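Visitor: give me the fold of what follows.
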Amino acid sequence: MTELRLTRPGRAEIEIKRSRFIALSRPAASAEEARALLADARAEFPDARHHCSAYVVSVPSAQPILHSSDDGEPSGTAGRPMLDVLTGNELMDVAVVVVRYFGGTLLGTGGLVRAYSDAVREVLSGEPVTRRITRPLMRVTAMHATAGKLEADLRGRGFDVVGTEYGPTRAHIDVAAGQGFAEDVAELSAGAAQVEVVGVVVRDVPAGTLPTW
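Guide: Predicted coordinates for the structure are as follows:
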């Protein structure tokens, strides 16, 4: 599954039958950061009747943490619909809170589900997102005299050079690269350079924007 991440906090508001729904969104790399958004919302809007929330937080080598809260609204009418919008758009490491000021007219179960879902869609609409990619970290060992040209040639071919360490006789060039990289190095160095996998590189790259609902 593609995992998308927000690049910035957001805020939006919709009104339905005089009830105000104020939606807040924020990147959240941990459950603690997600709960901080809820705490901030409660502090900013202490007189609101409801502070409903949802978040999705990644866990290395495990399933993500999914959380939602209706905060006094009828069960299943607020937090879960908000969470469904996040997971339906393949968002990860994100938190949302929808603050409701009651307008005097009951919306009913279906109306609440639509209202909270629409509030989250509104705050996410058109937001820029990134996609997380993981690439092997390759270390190229080359003679000091030829390493500079080899590094320039690798950059010229579009490889992501993340660091270079020059020693007295040899140099190490660290590159985030994938399949076929060793063959390119062999060609560029006439077989003189050595390549080994020393780790991974995780990066977020631009992935466009979320839909505009």
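Visitor: could you list the domains of the protein?
Guide: Listed by the TED database, the domain ranges of the chain are 4-125, 131-208.
Visitor: span of the longest one from start to end?
Guide: Distance across domain 4-125, first residue to last, is 14 Å (Cα to Cα, to the nearest Å).
Visitor: coming back round to it: okay if I get the domains of the chain as JSON lines plus mean neighbour count and mean pLDDT?
Guide: For the C-beta atoms, the positions are set from N, CA and C on the backbone; glycine is no exception. JSON lines is the format used below for the domains of the chain (neighbours: other Cβ atoms under 10 Å; pLDDT from 0 to 100):
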{"stretch": "domain 4-125", "mean neighbour count": "18", "mean pLDDT": "97"}
{"stretch": "domain 131-208", "mean neighbour count": "15", "mean pLDDT": "94"}
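Visitor: could you report the distance from Thr7 to Ser25?
Guide: Per Cβ to Cβ, to the nearest Å, Thr7 is found 11 Å from Ser25.
Visitor: now the phi/psi pair for the most centrally placed residue in the chain, please.
Guide: The residue lying closest to the centre of the chain (Cα atoms, centre = their mean) is Arg5, at 2.1 Å. Backbone torsions of Arg5, given as degrees, to the nearest 10, read phi -130, psi 140.
Visitor: what is it paired to in the beta sheet?
Guide: Beta-bridge pairing of Arg5 under DSSP bridges involves Thr130.
Visitor: now stretch 60-69: how far from the chain's centre is it?
Guide: On the basis of Cα atoms, centre = their mean, to the nearest Å, stretch 60-69 sits 14 Å off its chain's mean C-alpha point.
Visitor: stretch 185-202 too?
Guide: Distance, centroid of stretch 185-202 to centroid of chain: 30 Å (Cα atoms, centre = their mean).
Visitor: using CSV, write out the CA atom coordinates for it.
Guide: C-alpha atoms of stretch 185-202 as CSV (Å, rounded to 0.1, in the frame of the first residue of the first chain):
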residue,chain,number,x,y,z
VAL,A,185,29.7,1.3,-11.0
ALA,A,186,31.6,-1.5,-12.8
GLU,A,187,31.1,0.3,-16.1
LEU,A,188,32.1,3.7,-14.9
SER,A,189,35.2,2.4,-13.0
ALA,A,190,36.2,-0.2,-15.5
GLY,A,191,35.7,-2.8,-12.7
ALA,A,192,38.1,-1.1,-10.3
ALA,A,193,35.6,0.0,-7.7
GLN,A,194,33.9,-2.3,-5.1
VAL,A,195,30.2,-2.1,-4.1
GLU,A,196,28.6,-3.4,-0.9
VAL,A,197,25.3,-2.9,0.8
VAL,A,198,25.7,-1.2,4.2
GLY,A,199,22.2,-0.2,5.2
VAL,A,200,19.0,1.5,4.0
VAL,A,201,18.0,5.1,3.3
VAL,A,202,14.5,6.2,4.0
